[in-house]
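In: Fold the following.
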Amino acid sequence: MPLHGGRVPHWLGERMTKLGVLMTEAIVLHYGRDEFLRRLSHPFWFQSFGAVMGMDWHSSGITTSVLGALKRGLKPRARELGLHVCGGRGSHSRKTPDELIDIGLRVGIDGVALANVSRLVAKVDSAAVQDGFDLYLHGFIVADDGRWVVVQQGMNDATRQARRYHWLSEGLESFVNSPHAAIEGRAQGEIVNLADRRAETSRGGQLDILAKLGPDRIIREAAALARRTEPQAQPDDQLLLPHLVMPDHHDVRETDVNMKRLHGNLAAAADRAPVDYQDLLMVPGVGARTVRALALVAEVVHGAPCRFSDPGRFSIAHGGKDRHPFPVPLKVYDETIKVMKSAVSKGRLGRDEELAALQRLDVQARQLERYVTGPDLKEIVAGEFRDSAAFGGRSVFGWEE
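Out: Predicted coordinates:
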């Protein structure tokens, strides 16, 4: 991902926190905590989750902002949902072990063991995997039963790129034999990956060398090897891990979006609108534009992993803070939060008609995308800019006039 600096403005961060928690609770209500952890370990879903919340759709900032929003929003709900978010960027990442020990004491899980997991995962991605990216963010999400997911991010100052590393406790057999759920980004340059299952012989050999030669002689031998100019053998192809490569361009282009899916989302919103506005969603004042946003939110809640290969499509829900693909329509965003809050609150009480309506919106989109057509992306974005002021459009540059 392109490496972007800056901060999330308060007006967006507040809304990301509210919507992120509501979507989390909707997923937990429908599919359980384990499924939510699985989704966080999927780089395509994670990127789409951030994009639908109005962050820069392709940038490194999605990782920081999504984890920050979840940490703020889930803390007051931790006892109810049984989910805890630890760590963060910079100095916050180093506090993760202490946070995990504290959580362990409160909920009755082995916090010390989790703290060791946090340190080991960070060490693997900073030392065992030497790929030119220096870790600067460590997010650790743990459930009350001790299951966890880790999302880490490193930066490469030379290329101005970031890379994300996803870990999942479910199915993890070893921390050094291909342990990642996924790594975001394709191979570039030479990579020393001692966490590859094929490196087992190398790891054993290193321990033998250390025992026999000692560190001083190893340093002398390494210096002698570095002076040689012999061509190096080419490594085998990398193991096929899921990877997501985001483009440098800031605008959302038609090549970044699966238009069949987007037309399905838009058509489902238009088709369900007469039925779902009052009778099913039961939230007064919700307009057609909000239902379009809800169709994309519903897909992030209910969609299968294969649906998230084009994260840029989800930025069509609530735009982006930097006016790409268009300014954040705050009136639409607030209506989306209102609908989700109503649906989740009633779902908690066993009244799931509104949550069911959102699920039908997602089902309808997948059915319609097989044959519907619609405007191209430039037309859709131009329409959003045209109506931006009426929708309360705002970006880091200010309000739209």
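In: Could you name the helices and strands sitting against the helix or strand of the chain with the lowest mean pLDDT?
Out: Within the chain, no helix or strand scores below helix 200-227, which has a mean of 75 by mean pLDDT, DSSP states H and E. Here helix 200-227 touches no other helix or strand, going by 3 or more CB pairs under 8 Å, 6 or more residues apart in numbering; DSSP states H and E. Any C-beta I mention is one placed from the backbone N, CA and C, and that applies to glycine too.
In: starting at the chain centroid, how far to it?
Out: Relative to its parent chain, helix 200-227 has a centroid offset of 39 Å by CA atoms, centre = their mean, to the nearest Å.
In: Next SSE downstream of it?
Out: helix 259-275 (DSSP states H and E).
In: contacting residues for Pro329?
Out: 289, 318-319, 384, 387-388, 391-393 (CB atoms under 8 Å, 6 or more residues apart in numbering).
In: Of those, which is the most crowded?
Out: When neighbours are taken as other CB atoms under 10 Å, the top entry among the contacts of Pro329 is Gly319 (30 neighbours).
In: still on that earlier bit, I'd like to know which of the contacts of Pro329 is nearest to Asp376.
Out: Using CB to CB, Glu384 comes nearest to Asp376 of the contacts of Pro329, at 13.4 Å.
In: Am I right that that closest one sits in a helix?
Out: Yes: looking at Glu384 with DSSP: H, G, I helix; E, B strand; the rest coil, it is inside a helix.
In: out of everything not next to it in sequence, what's closest to it?
Out: Excluding the flanking residues, the one nearest Glu384 by CB to CB, 6 or more residues apart in numbering is Phe326, at 3.9 Å.
In: wait, the one you found sits on Ala317?
Out: No: if you go by CB atoms under 8 Å, Phe326 and Ala317 don't touch, sitting 10.9 Å apart.
In: Quick check: which element contains Glu299?
Out: helix 288-302.
In: Output that helix as PDB, nothing but the C-alphas.
Out: Output in PDB follows, covering the C-alpha atoms of helix 288-302 (Å, rounded to 0.1, in the frame of the first residue of the first chain):
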ATOM      1  CA  ALA A 288     -32.400   6.500  -1.500                       C
ATOM      2  CA  ARG A 289     -28.700   7.600  -1.200                       C
ATOM      3  CA  THR A 290     -28.500   6.000   2.300                       C
ATOM      4  CA  VAL A 291     -29.900   2.700   1.000                       C
ATOM      5  CA  ARG A 292     -27.100   2.700  -1.600                       C
ATOM      6  CA  ALA A 293     -24.600   3.100   1.200                       C
ATOM      7  CA  LEU A 294     -26.300   0.400   3.200                       C
ATOM      8  CA  ALA A 295     -26.100  -2.100   0.300                       C
ATOM      9  CA  LEU A 296     -22.300  -1.800   0.500                       C
ATOM     10  CA  VAL A 297     -22.300  -2.000   4.300                       C
ATOM     11  CA  ALA A 298     -24.500  -5.100   4.100                       C
ATOM     12  CA  GLU A 299     -22.000  -6.800   1.800                       C
ATOM     13  CA  VAL A 300     -19.100  -6.100   4.200                       C
ATOM     14  CA  VAL A 301     -21.200  -7.700   7.000                       C
ATOM     15  CA  HIS A 302     -22.500 -10.700   5.000                       C
END
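In: what's the angle from that helix to helix 259-275?
Out: 120 degrees (axes from the mean of the first three to the mean of the last three CA atoms, to 10 degrees).
In: coming back round to it: now the least confident helix or strand of the chain: buried residues?
Out: Across helix 200-227, burial judged by 16 or more other CB atoms under 10 Å covers no residue at all.
In: Stretch 332-351 now?
Out: Applying 16+ other CB under 10 Å to stretch 332-351 flags 332-333, 335-344, 347 as buried.
In: which residue is nearest the centroid of this structure?
Out: With distances taken as CA atoms, centre = their mean, Phe46 lies nearest the centre of the chain, 2.1 Å away.
In: give me every residue that touches the closest residue to Ser60 other than its chain neighbours.
Out: In this structure, Ser60 finds its nearest non-sequential neighbour in Ala162, 3.5 Å apart by CB to CB, 6+ apart. By CB under 8 Å, 6+ apart, Ala162 lies in contact with 1-3, 60, 63, 133, 153-156.
In: Tell me where the model's unsure across this protein.
Out: Per-residue confidence for the chain (pLDDT under 70) gives these ranges: 186-187, 226-242, 272-285.
In: Confirm for me that Ala69 is in contact with Phe49.
Out: No: using CB under 8 Å, Ala69 is not in contact with Phe49, being 9.8 Å away.
In: Give the residues shared as contacts by those two.
Out: Gly20.
In: re earlier: could I get the buried residues of stretch 332-351 as JSON lines with distance to Leu172?
Out: Shown next, in JSON lines, are these (distance: CB to CB, whole Å):
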{"residue": "Val332", "distance to Leu172": "40"}
{"residue": "Tyr333", "distance to Leu172": "37"}
{"residue": "Glu335", "distance to Leu172": "41"}
{"residue": "Thr336", "distance to Leu172": "35"}
{"residue": "Ile337", "distance to Leu172": "35"}
{"residue": "Lys338", "distance to Leu172": "39"}
{"residue": "Val339", "distance to Leu172": "37"}
{"residue": "Met340", "distance to Leu172": "32"}
{"residue": "Lys341", "distance to Leu172": "35"}
{"residue": "Ser342", "distance to Leu172": "38"}
{"residue": "Ala343", "distance to Leu172": "34"}
{"residue": "Val344", "distance to Leu172": "31"}
{"residue": "Gly347", "distance to Leu172": "31"}
